[in-house]
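Student: no sequence for this one, just the structure:
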């Protein structure tokens, strides 16, 4: 296979709006923020908060990945049941994750207003849904790959997965028989990928999954060149950069090969500037890019509804004791109401019968 080896830095227009041919520098903000690994306390400090509500938050990949994975996997597993988000189950599936729980706990540490906690949480999550929309749309105005490369070579990108963050994704794939040759998947979240195999292996958990994605040159018109690094030659052994290509959600991939228990040698930079060589074992899944599926506007609307159309009593970890208490109260109240209604109805009925006997 003849593959691309030299990747040029993406060029932006300095000012003005993005067009079909040119991406504005203003539109690079969200992808660049994505690459930052900001602590939650710093993320909150950088957010715009007015009247105890989040208005704007920086793009954070940890929160976005967690929201999209939790929402899309939950709703796909429950797609036969309509409007589940209205029950609060969808919301709970998102906020019970370690990432969102940790984010809420950090908000608690910086905010002492106990009475308005639920609204603060929801407003914070809404800013990240806004960021999902902005980032998704931004990636779609990058140049297509055929505008960058004119020769007939294929493009290869890699993705290494960590067990903790992506366990639910691969559990879903395994339970739905999507881990076999010929299976077709649609990526449920935006993903960081790299053109450097060494970098992907570094970020892969031992005994876990490594993806190799081939983008055939006849698909370059559909694949955006969302490369976020400097100009690079992947054959240069000194290159240990992340060399990231940001893969938009909705990428349709077909599995063409699986190579389990592969042992890889890889290099890592050290604090002293030396290079450490190590080995790692993982399962390689090789995919071919098919197309990007259209992300329906309804999905974004339902994601908003999942956050906003839930009980005001929801807490950081999705517990809803007060809501259940109120639900039981309403149930008991309605039960008493129906009981009294039946009692009064029967009383009137008996009274009518007695009156008719007198006649």
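Tutor: Arrived safely. If you're wondering where the values come from, they're calculated on a predicted model, not measured in any experiment.
Student: ranges for the helices of the stretch 51-200 of the chain?
Tutor: For the stretch 51-200 of the chain, the helices defined by DSSP state H, counting those that start in this stretch cover 61-77, 89-95, 98-110, 117-139, 163-175, 197-202.
Student: neighbours of residue 212, how many?
Tutor: Residues lying near residue 212 (other C-beta atoms under 10 Å) number 18. Quick note: C-beta positions are derived from backbone N, CA and C, even for glycine.
Student: next, give phi and psi for it.
Tutor: phi -120, psi 120 (degrees, to the nearest 10).
Student: ends of stretch 181-192, what's the gap?
Tutor: Its first and final residues considered, stretch 181-192 spans 23 Å by C-alpha to C-alpha, to the nearest Å.
Student: residues touching the residue lying closest to residue 90 once chain neighbours are set aside, list them.
Tutor: If the residues on either side of it in the chain are set aside, residue 90 comes closest to residue 306, at 4.4 Å by C-beta to C-beta, 6 or more residues apart in numbering. Residue 306 makes contacts with 71, 85, 90, 91, 94, as judged by C-beta atoms under 8 Å, 6 or more residues apart in numbering.
Student: export those to a markdown table and tack on neighbour count, pLDDT and distance to residue 267?
Tutor: Shown next, in a markdown table, are the contacts of residue 306 (neighbours: other C-beta atoms under 10 Å; pLDDT from 0 to 100; distance: C-beta to C-beta, whole Å):
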| residue | neighbour count | pLDDT | distance to residue 267 |
| --- | --- | --- | --- |
| 71 | 24 | 87 | 37 |
| 85 | 24 | 49 | 45 |
| 90 | 24 | 77 | 43 |
| 91 | 28 | 80 | 43 |
| 94 | 22 | 81 | 37 |
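Student: out of the residues you listed, who's nearest residue 228?
Tutor: Proximity of the contacts of residue 306 to residue 228, judged by C-beta to C-beta, is greatest for residue 71, which lies at 25.1 Å.
Student: would you agree that closest one is in contact with residue 304?
Tutor: No - counting by C-beta atoms under 8 Å, residue 71 does not reach residue 304; the two are 10.6 Å apart.
Student: in the stretch 251-359 of the chain, which ranges drop under the pLDDT threshold?
Tutor: Where the stretch 251-359 of the chain drops to pLDDT under 70, the residues are 296, 309-359.
Student: can you give me the helices in it?
Tutor: Counting by DSSP H, counting those that start in this stretch, the helices of the stretch 251-359 of the chain are 297-308, 321-358.
Student: give the bridge partners for the residue nearest to residue 262 when sequence neighbours are not counted, please.
Tutor: Once flanking residues are discounted, residue 262 sits nearest to residue 284: 5.0 Å by C-beta to C-beta, 6+ apart. On the basis of DSSP bridges, residue 284 is bridged to residue 210, residue 259.
Student: give me the neighbour count for residue 127.
Tutor: Neighbours of residue 127 (other C-beta under 10 Å): 20.
Student: what residues are up against it?
Tutor: Contacts of residue 127 (C-beta under 8 Å, 6+ apart): 47, 54, 55, 56, 57.
Student: state the distance from residue 293 to residue 200.
Tutor: Residue 293 sits 24 Å away from residue 200, going by C-beta to C-beta, to the nearest Å.
Student: which of those two has more residues huddled nearby?
Tutor: Per other C-beta under 10 Å, whichever of residue 293 and residue 200 has more neighbours is residue 200, with 25 against 12.
Student: once you drop chain neighbours, what's closest to the more buried one?
Tutor: residue 158 (3.5 Å).
Student: ok, the one you found - contacts?
Tutor: Per C-beta under 8 Å, 6+ apart, neighbours of residue 158: 193, 194, 195, 196, 197, 199, 200, 201, 210, 211, 212, 213.
Student: nothing else from me, thank you.
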